[in-house]
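# missing the sequence, but the structure's below:
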């Protein structure tokens, strides 16, 4: 990986850490649960969080004027995939299930 890749990786990891330190269930997504009949709050929040992290990655790429490749996106997916158990645990804890 190049230097910018390490910087990007660190920024994405930091974003995941911030997500895990804050409430995943919050005003950004709670209103959806009130409006729609969501059958699985856990799955909804997991999808919402993954989407938020993918958006974060794109923002990091853009902010660094970095043209992401397919390989770079696979790295992002792998980072998120590795952290999924922590994210799922956080969601389960917040939902008290």
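Ah, there it is. All values reported here derive from a predicted model rather than from experimental measurement.

# rest of the way, CA atoms for contacts and neighbours
OK.

# biggest helix in the protein, by residue count?
helix 70-95 (DSSP state H).

# in it, what counts as buried?
Neighbour counts using 16 or more other C-alpha atoms under 10 Å place 72, 76-77, 80, 84, 87-88, 90-91 of helix 70-95 among the buried residues.

# What is the least confident helix or strand in the chain?
helix 3-21 (a mean of 85; mean pLDDT, DSSP states H and E).

# Who are the packing partners of that helix?
helix 41-63, helix 70-95 (3 or more C-alpha pairs under 8 Å, 6 or more residues apart in numbering; DSSP states H and E).

# Need those in a markdown table (columns: mean pLDDT and distance to residue 9).
Shown next, in a markdown table, are the helices and strands packed on helix 3-21 (pLDDT from 0 to 100; distance: least, C-alpha to C-alpha, whole Å):
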| stretch | mean pLDDT | distance to residue 9 |
| --- | --- | --- |
| helix 41-63 | 94 | 9 |
| helix 70-95 | 94 | 8 |
